[in-house]
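**Student:** coordinates for the following, if possible.
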Amino acid sequence: MEQIRTRDFIYTSDDLYFASTNYIHPEDRIISFLRYIPDPNGDREKDGKKYRKVGSSEAYSYLRENHPEYLYFCDVTNVEMMGVPLDKVKQIINLKKD
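**Tutor:** Next comes the predicted model:
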């Protein structure tokens, strides 16, 4: 897999968009934060589909309810975190090309 950088977007097989939050990742996932979820009334559009941006509290709630596999307990930080499992990565979107 290509090098993931902070602020790269990860599009998943579950039609979710995450933003990478770190340069160092566990072997099985990319540490990232849920940013956009599908919403027919969303104010953002990509490839003819509408999405809306979610904040921290809603992101955790949404994942707990709909996709708990994106949540994991980090033994290093001792907190629950978000991270895209590698088998869910559909596309890495680098908005800033060097």
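
**Student:** which residues of this protein fall in strands?
**Tutor:** Secondary structure of the chain (DSSP state E): strands at 9-12, 17-20, 29-38, 44-46, 49-53, 71-74, 79-85, 89-93.

**Student:** how about the CA coordinates for the fifth one, as PDB?
**Tutor:** Written as PDB, here are the backbone C-alpha positions of strand 49-53 (Å, rounded to 0.1, in the frame of the first residue of the first chain):
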ATOM      1  CA  LYS A  49     -23.700  11.000  -4.800                       C
ATOM      2  CA  LYS A  50     -24.400  13.400  -1.900                       C
ATOM      3  CA  TYR A  51     -22.500  13.400   1.400                       C
ATOM      4  CA  ARG A  52     -22.400  15.400   4.600                       C
ATOM      5  CA  LYS A  53     -19.600  16.300   6.900                       C
END
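
**Student:** give me the buried positions along that strand.
**Tutor:** By 16 or more other C-beta atoms under 10 Å, the buried positions in strand 49-53 come out as residue 51. For glycine as for every other residue, the C-beta is placed from the backbone atoms N, C-alpha and C.

**Student:** residue 84 pairs with what?
**Tutor:** residue 30 (DSSP bridges).

**Student:** count of residues packed around residue 16?
**Tutor:** By other C-beta atoms under 10 Å, 25 other residues sit near residue 16.

**Student:** OK, contacts around it?
**Tutor:** Contacts for residue 16 (C-beta atoms under 8 Å, 6 or more residues apart in numbering) come out as 34, 36, 37, 38, 67, 70.

**Student:** of those, just the buried ones, PyMOL syntax please.
**Tutor:** This is the PyMOL syntax for the buried subset of the contacts of residue 16, where burial follows 16+ other C-beta under 10 Å:
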select buried, resi 34+36+37+67+70
